[in-house]
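>>> Make a model of this:
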Amino acid sequence: MKLTIDDALTRGGTGVFQWRLLCIFGLVWAADAMQVIAVGFAAPSIALTFDIDRVTALRVGTVFFLGMFVGAFFFGRLADRIGRKWVLIGTVAMDAVFGLASVLANDFTLLLVLRFFTGIAVGGTLPVDYAMMAEFLPPRSRGRWLVWLEGFWAIGTIVVAMTAWTAAELQAAAPWRWIFLIAALPALIGFFLRFWIPESPMYLVRKGRQAEAREVINRILRVNGESPLPADVHLNPAQVPAGVAQSILSPQLRRATLGVMAVWFLVSLSYYGVFIWVPGQLATEGFGFVRGYGFLVILALAQIPGYALAAWGVEAVGRRPTLAGFLLLSAAGCFLFTVASGTAMVAASLIIMSFALLGSWGALYAFTPELYPTHLRGTGMGTASAVARLGGILAPSLLAFVFTRSFTLAIGMFALLLVLAALALLLVKHETRDRAIG
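Below you'll find the model as predicted:
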């Protein structure tokens, strides 16, 4: 009797094993969110500590995203070669070590170096996390669970906003040290928890390690209260279409890859542009009553219903239409900001941006790993994450020219970029809802 890994996972359903997995991956996912979002919250106090201007302080963000680009590109490919588990353990360890070391930096150049290596670690963690989580989920519930994992990003954002707010209220000498410390602690805890997670059974069966794959599947079934596989069951990889095996740019995948990579880049440029510059703007000048860390917490809280709607949408109406809808809503939020005639409209537009941009990320993270077969999934997610980091690299530096001249013009530019992202999605013809990926 022959079964694919997707068939075997369907037998086990989603139970205790997947909930444990979600908590462990989610903890580190929140930590990664905190490391990424920390840039916008930490820049003003970094500028004060090292007596530099805010644009120079944002170089911390530039080098961090450069590190993420390197980490995503390298570790995604490495995970397809040597497996997911040890790559994840290594990157989380790096995240904790260099993240904690950043707290102690007393020189701006040293801080840049430490944030670069922290970025490498975070960049390696993000794509492999999603590829691995997808490979432990049955097809019918995969999209919803992947959006739930992405929802931990909102938790990390809320924690960073609360940390920055607390440090400001207590008039801390260097709030950025508080922020980097809190951001590094979940990765330290997650490092030890990662040893509980087995290697991906899809990876194992692709490598011909049948006994190990069976052992992992039986562990999942046992934890979920199901019977182990019969002795005569042989686990098979899903069929890979001819010509796909070598590259994510092979003829069968090229169009989808170019389309989804364009979406990743444009969404990333818009998201990081907004959330690197908005925290500093609201914490200092603001827009009438839309000012201070309290409203930043409200913006972070607005992300949670965005994820909830995305989790429903990817299963109820599909990945592509859900992603397209959130992209257009994000663009509408940005456009509303440019024509806002009062603080109430400014507040509403920022809340819509936060709600819809994070819903876009949730749908995008659910969609992308399902576009690629197992032997290219780490590479596909790593490349997507690396392309996104290009947006992160450009957001603090290139966009500084626009932001320092007109905050409204910059937000309006993001509206255009998000519409272009929705158009780029037309290149991706596949709908992956309920599709086997083994």
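>>> dump the residue contacts of the residue lying closest to residue 68 once chain neighbours are set aside.
Excluding the flanking residues, the one nearest residue 68 by C-beta to C-beta, 6 or more residues apart in numbering is residue 123, at 3.2 Å. C-betas here are computed from N, CA, C, even on glycine. Contacts for residue 123 (C-beta atoms under 8 Å, 6 or more residues apart in numbering) come out as 67, 68, 69, 70, 71, 72, 73, 75, 385, 386, 389.
>>> Redo those as CSV? Include neighbour count, distance to residue 370 and secondary structure.
Shown next, in CSV, are the contacts of residue 123 (neighbours: other C-beta atoms under 10 Å; distance: C-beta to C-beta, whole Å; DSSP: H, G, I helix; E, B strand; the rest coil):
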residue, neighbour count, distance to residue 370, secondary structure
67, 26, 27, helix
68, 30, 23, helix
69, 22, 23, helix
70, 18, 26, helix
71, 30, 23, helix
72, 28, 18, helix
73, 20, 21, helix
75, 28, 20, helix
385, 29, 16, helix
386, 23, 19, helix
389, 29, 22, helix
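>>> which among those residues gets closest to residue 375?
Lowest distance from residue 375 to those (C-beta to C-beta) belongs to residue 75, with 16.0 Å.
>>> wait, the closest one sits on residue 86?
No. The pair residue 75 and residue 86 does not pass the contact test of C-beta atoms under 8 Å, sitting 10.7 Å apart.
>>> Past the helix-or-strand element of the chain with minimal mean pLDDT, which element shows up next along the chain?
Lowest mean confidence among the helices and strands of the chain (mean pLDDT, DSSP states H and E): helix 400-403, at a mean of 64. Sequence order places helix 407-424 as the next helix or strand after helix 400-403, per DSSP states H and E.
>>> Listing request: residues of the protein with sub-threshold pLDDT.
Filtered on pLDDT under 70, the chain yields the residue ranges 1, 237-246, 276-293, 395-407, 434, 436-438.
>>> Please look at residue 167 and residue 181 and confirm they touch.
No. Taking C-beta under 8 Å as the definition, residue 167 is not a contact partner of residue 181, at 10.3 Å.
>>> Neighbour count: those two, which is higher?
residue 167 (22 against 15; other C-beta atoms under 10 Å).
>>> where does the more buried one land in three-state SS?
For residue 167, the assignment made with DSSP: H, G, I helix; E, B strand; the rest coil gives helix.
>>> Let me know the secondary structure of residue 3.
Counting by three-state DSSP, the backbone at residue 3 sits in strand.
>>> That one contacts residue 233, correct?
Yes. Counting by C-beta under 8 Å, residue 3 touches residue 233, with 5.5 Å between them.
>>> how much space between the residue positioned nearest the centre of the chain and residue 229?
For the chain, the residue nearest the mean C-alpha position is residue 126 (5.8 Å; C-alpha atoms, centre = their mean). Distance from residue 126 to residue 229, counting by C-beta to C-beta, to the nearest Å: 32 Å.
>>> Likewise for residue 63?
Using C-beta to C-beta, residue 63 is found at 48 Å from residue 229.
>>> same thing with residue 118?
For residue 118 relative to residue 229 (C-beta to C-beta), the value is 41 Å.
>>> More neighbours: the two, which one.
When residue 118 and residue 229 are compared for neighbours, residue 118 comes out ahead with 30 against 18, by other C-beta under 10 Å.
>>> Using the three-state scheme, assign that one.
Relying on three-state DSSP, one would call residue 118 helix.
>>> which residues touch it?
Contacts of residue 118 (C-beta under 8 Å, 6+ apart): 35, 64, 67, 94, 95, 98, 99, 102.
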